[in-house]
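*Asks:* here is a sequence with its predicted model. Questions after.
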Amino acid sequence: MDESGRKAFTASRESALHENYTILEDGDRLAFMKHRLQLGGLSYEIQDASGNTTGVLHCKLRKGALPEYWYEDAQGNTLANLVWEERTTKFSISDPHLSQPFAEASLELPGGMVGDLKALVHKTYSLSIYPSSTLPLFVTLAFCVAVADIPAWNSGAH
């Protein structure tokens, strides 16, 4: 935690071969994201700190548009959607009816939206979280890791 009270979280990629990530809070495991390919996109199985599967974060790639993201619980119910702010890399995560925002974030790419792969490797993003008792913090962080993941952006859907 810094002097202004902000917490820092880390997403650590598990290997060079797989897009699996461990989300850490002050060095402690908060969650794990297991990458899975699927037709037309990708998904991540989300596990809590104990290794229990809580749900799946889906990403649908759309040609000529930003990817679409949503989170389903273990029963297949959609609990959260990611909504892009038009013509920016800012987004919000909210309930399926878009009535309750869980978080707002912005993805800051050094090379811009149409930056090259090298710029994407060095990207950074900031996140401001609104309190929510219905969406665990690690799910909100998993959305941010998925948005920053190279395969989704490397598909030509800028």
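*Replies:* Looks like it arrived, so ask away. Residues are numbered from 1 along each chain as shown.

*Asks:* any low-confidence regions in this structure?
*Replies:* The chain contains residues with pLDDT under 70 at 1-6, 107-128, 130-133, 150-158.

*Asks:* got the end-to-end distance for stretch 50-64?
*Replies:* 39 Å (C-alpha to C-alpha, to the nearest Å).

*Asks:* buried ones in that stretch?
*Replies:* For stretch 50-64, the neighbour count (16 or more other C-beta atoms under 10 Å) marks 54-61 as buried. Placement of C-beta: from N, CA and C, glycine included.

*Asks:* inside strands: which ones of those residues?
*Replies:* In strands, defined here by DSSP state E, the members of the buried residues of stretch 50-64 are 54-60.

*Asks:* centre of the chain to whichever helix in the chain runs longest, how far?
*Replies:* Longest helix of the chain, by residue count under DSSP state H: helix 137-148. Its chain's C-alpha centre and that of helix 137-148 lie 3 Å apart, by C-alpha atoms, centre = their mean, to the nearest Å.

*Asks:* ok, the residue nearest the centre of the chain - contacts?
*Replies:* Using C-alpha atoms, centre = their mean, the residue of the chain that lies closest to the mean C-alpha position is Phe143, 2.1 Å off. Contact analysis of Phe143 by C-beta atoms under 8 Å, 6 or more residues apart in numbering lists 57, 69, 71, 80, 82, 93, 103, 105.

*Asks:* what's the answer for Ser99, then?
*Replies:* If you count contacts by C-beta under 8 Å, 6+ apart, Ser99 has none.
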